[in-house]
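Participant: Just a sequence and a predicted model for now, questions to come.
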Amino acid sequence: MSRSLMVLALVGCKGNEPPAVPSLAWSAESLAFGDVPEGQESVLPVVFTNEGTGEIGLLSAVVSLGDRDVWQVTWDRAAVLGAGESTSIDVHFRPDDPGERFGGQLHVRTDFDRVPGVFVALEGFGSPSIDDDDADGFTIADGDCDDNDPQRYPGAPERCNGRDDDCSGQPGDDEVDADGDGVRVCAGDCDDDDDERYPGNPEICDQKDNDCDGVVPDDLDQDGDGLSLCQDDCADLDPNVAPGLAEVCDDGRDNDCDGTVDSLDADADGHDACGPAPDCDDSDPLVFPRAVGPSGDDAAAGSWSAPLATLQAALDSTVAGCPNVYLRAGSYDGATSTVPANVVGRGNGPGDVTLGAPAGRVLDLSGGSWSLRNLTVSGGDVAEPGGGVRITGGSLTLRDVVVDGNQATDGGGIAAVGANVLLTGTNAITGNVASGSGGGIHLDGGVLVDVAGAAVTGNTATVAGGGIYAAGTLQLRGTLFDANSTDGSGGGLYVDGGGGHSVQQALFTNDTAIVDGGGLALAGVDFGRFRNNVFTLCTADHGGGVWIDGGGSFTNNTLVDDTAAAGAALYLTGDGAEVRANIAHFNTGDGGFYTDSTAPFATHNTVFGTAGADWVGAWSAGVDENRSENPGFVGFTNDGDPSNDDLSLTAASPSRDSGPPEPAFDDPDGSQNDRGATGGPGAL
């Protein structure tokens, strides 16, 4: 239906000109939008036409009544209608609630005072959404009761969650938890009226099936330990738990049913036989370990809960039968003691417990059997041997210890004087300095044993042995010597005489000596075995990889990318050493193998690719099975990074099965000796 309004206006008379007479017509008195889904939008127009003469301007178009938040009006706000011109005002309806009627009124004003406002009634209804927001294939119009959850839709399987998953109007009958024990019937609650009965609930002596397994075990002896649940057996499925049994430490059980797990102080001395500082003898109240903590007190009992403040106080108070000291995470001053003890850091790693020295040596130990474990020794500085640790007589075991940044005359990190040292676990001797010999370790008599491949790295010495100086006996396996240096000889390791040495499966890399033996220097060794070691990127004036003056057996070693003025890989001076089945490849200097001996003992060696002569002195290829030929490594990059090299031999390598034929030199598989570090009885 359209309505029109005729307005006569006097616009002035000029001659016979007729007056302007505007006439406004609109297309509807009301708009009925019908049903529109929630979230959708419907648009209907109202068209306004000037059927007269003159001009009519539209001033405003708004929804003035009703639910104005669901209505929106768009129109040409600059609309001025000349004679015969029309414009459309669009009304947008976007319901926000299904099942509701929405009303409103469009109010339009013009710029003519005598023209009353135009009012158009609005009506629409919201219907369920047709969007599928959770992409489960159902809309709200289809009956989806939660369009934000793709697991809830008509016909969905009911889950045991207390919700209406299939949109039937209620959850499944078995999804109740009437007793509030946190377990629904559908999850196995066998009695939803009793909150002491549900799967996983511990059985107690109440004549009920508390854990819903179908058995009432109260009077049964299920673990055969002679006691039932109702006879105070607190875990009747575990024969290791019952009243009267002895508590077993660190098994995670309350063995004696006293309500505590792994806690035992039978002698009531305040020291738990379990835990981080276990009592050595829980039957003797006078025998117990000492604990030290950063907030401790040297007048305290020294238990884990009441620790001492200093390591010195702990060492001074240890007793025979329990020489154990446990350090809580923290930093402590070092100590001096002649009473042997086991000092253990209780952090997550060596860095959590640090022993230092405000001035002087960190640890000065002597006599008996000492051990250090899971801690760091750092900051020692003395004008004597042993900046970090000095052990005089007796023995010292290091397990999972870092010795770092210490200084001394000899043995910047450790000086062992007439003492034995055992390295086990994961140890690091790094960044220590000696103004004399042995930047990392100085061994003066005794035996140094490494059974787990310690890392000796970045140490320096002025005289000899940047990493280790040994004037005693060495038993090393898998030790890493990296980036150690000396102004003298033996950048990585200097062995000063003696016999009975064994150094095998070690890696010498980036070690430097100004004089002899960038990696290893052997001086006056009577006898010893140096085999299956790798020397790479080591540098010296004589013997970039190795310098030998004296005896010993140097067998099945690999030397690559080493540098020296003479003896790029190996420099042999004097007689007595036996050089067998070694491979030297791509070294730089005058002679890959260099000797000034008139009768060197050298057989079955391969020297190839030297930037200089392969052989210099009284040995040569073609004699005693010595060769100059490519050894045939699986992968050698010569890029200065040994980590990406594979120095094992290819199947076609001429160095395979071409070492010494005697059975004593056979490979582990019984075949003839392969040359280099991957051959022989101790093959890598």
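Facilitator: Yep, that arrived. Numbering: from 1, shown residues only.
Participant: residues contacting Ser653?
Facilitator: Going by CB atoms under 8 Å, 6 or more residues apart in numbering, Ser653 touches 631-633, 674. Using the backbone N, CA and C atoms, a C-beta is placed for each residue, glycine as well.
Participant: Distance check, it against Thr606.
Facilitator: Relative to Thr606, Ser653 is positioned 10 Å away (CB to CB, to the nearest Å).
Participant: Find the residues that touch each one of these two.
Facilitator: The contact sets of Ser653 and Thr606 overlap at Pro631 (CB under 8 Å, 6+ apart).
Participant: Check the contacts of Ser653 and tell me the two furthest apart.
Facilitator: Across the contacts of Ser653, no pair lies farther apart than Phe633 and Asp674, at 11.9 Å, counting by CB to CB.
Participant: More neighbours: which of these two?
Facilitator: Set Phe633 next to Asp674 and count neighbours by other CB atoms under 10 Å: Asp674 wins out with 26 against 22.
Participant: Least confident secondary structure element in the chain?
Facilitator: Least confident helix or strand of the chain, by mean pLDDT, DSSP states H and E, is strand 3-6 with a mean of 38.
Participant: Next SSE downstream of that one?
Facilitator: Under the assignment DSSP states H and E, the closest C-terminal helix or strand after strand 3-6 is strand 23-26.
Participant: Run me through the strand neighbours of that following strand, direction for each.
Facilitator: Next to strand 23-26 in the sheet, as set by DSSP bridges, lie strand 3-6 (antiparallel), strand 42-50 (antiparallel).
Participant: after it, next one along is what?
Facilitator: strand 30-37.
Participant: What lies in contact with the host helix or strand of Ala121?
Facilitator: Using DSSP H and E, Ala121 sits within strand 118-127. The contact list for strand 118-127 (CB under 8 Å, 6+ apart) reads 24, 26, 28-38, 42, 46, 48, 63, 66, 70-71, 91, 93, 95-110, 141.
Participant: just the buried members of those residues?
Facilitator: Buried members of the contacts of strand 118-127, scored by 16 or more other CB atoms under 10 Å, are 24, 26, 28, 31, 33, 36-38, 42, 46, 48, 63, 66, 70-71, 91, 93, 95, 98, 102, 104-108, 110, 141.
Participant: low-confidence ranges in the stretch 201-350 of the chain?
Facilitator: Under the criterion pLDDT under 70, the flagged ranges of the stretch 201-350 of the chain are 262, 267.
Participant: would you list every one of the strands in it?
Facilitator: Along the stretch 201-350 of the chain, the segments classed as strands by DSSP state E, counting those that start in this stretch run 290-292, 324-327, 330-333, 335-337, 342-345.
Participant: Select, out of the ones you listed, the one closest to Thr53.
Facilitator: Short answer: strand 330-333, nearest of the strands of the stretch 201-350 of the chain by CB to CB, at 99.8 Å.
Participant: Show me what the closest one is packed up against.
Facilitator: helix 311-317, strand 353-356 (3 or more CB pairs under 8 Å, 6 or more residues apart in numbering; DSSP states H and E).
Participant: Just give the strands next to that strand in its sheet, each with its orientation.
Facilitator: Sheet pairing for strand 330-333, assigned by DSSP bridges, gives strand 353-356 (parallel).
Participant: got a list of contacts for the strand it pairs with?
Facilitator: Under CB under 8 Å, 6+ apart, the answer for strand 353-356 is 311, 327-334, 345-347, 362-363, 374-380.
Participant: Please compute how far that strand lies from its chain's middle.
Facilitator: Strand 353-356 sits 24 Å away from the centroid of its parent chain (CA atoms, centre = their mean, to the nearest Å).
Participant: CA atoms of that strand as PDB?
Facilitator: Taking C-alpha atoms only, strand 353-356 is exported to PDB below (Å, rounded to 0.1, in the frame of the first residue of the first chain):
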ATOM      1  CA  VAL A 353      77.100 -27.500  45.000                       C
ATOM      2  CA  THR A 354      80.200 -25.400  44.700                       C
ATOM      3  CA  LEU A 355      83.300 -25.500  46.900                       C
ATOM      4  CA  GLY A 356      85.500 -22.400  46.600                       C
END
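Participant: Any idea which of the helices and strands packed on strand 330-333 gets closest to Asp258?
Facilitator: With CB to CB as the yardstick, what comes closest out of the helices and strands packed on strand 330-333 is helix 311-317 (30.1 Å).
Participant: where in this protein is pLDDT low?
Facilitator: Where the chain drops to pLDDT under 70, the residues are 1-18, 112-115, 262, 267.
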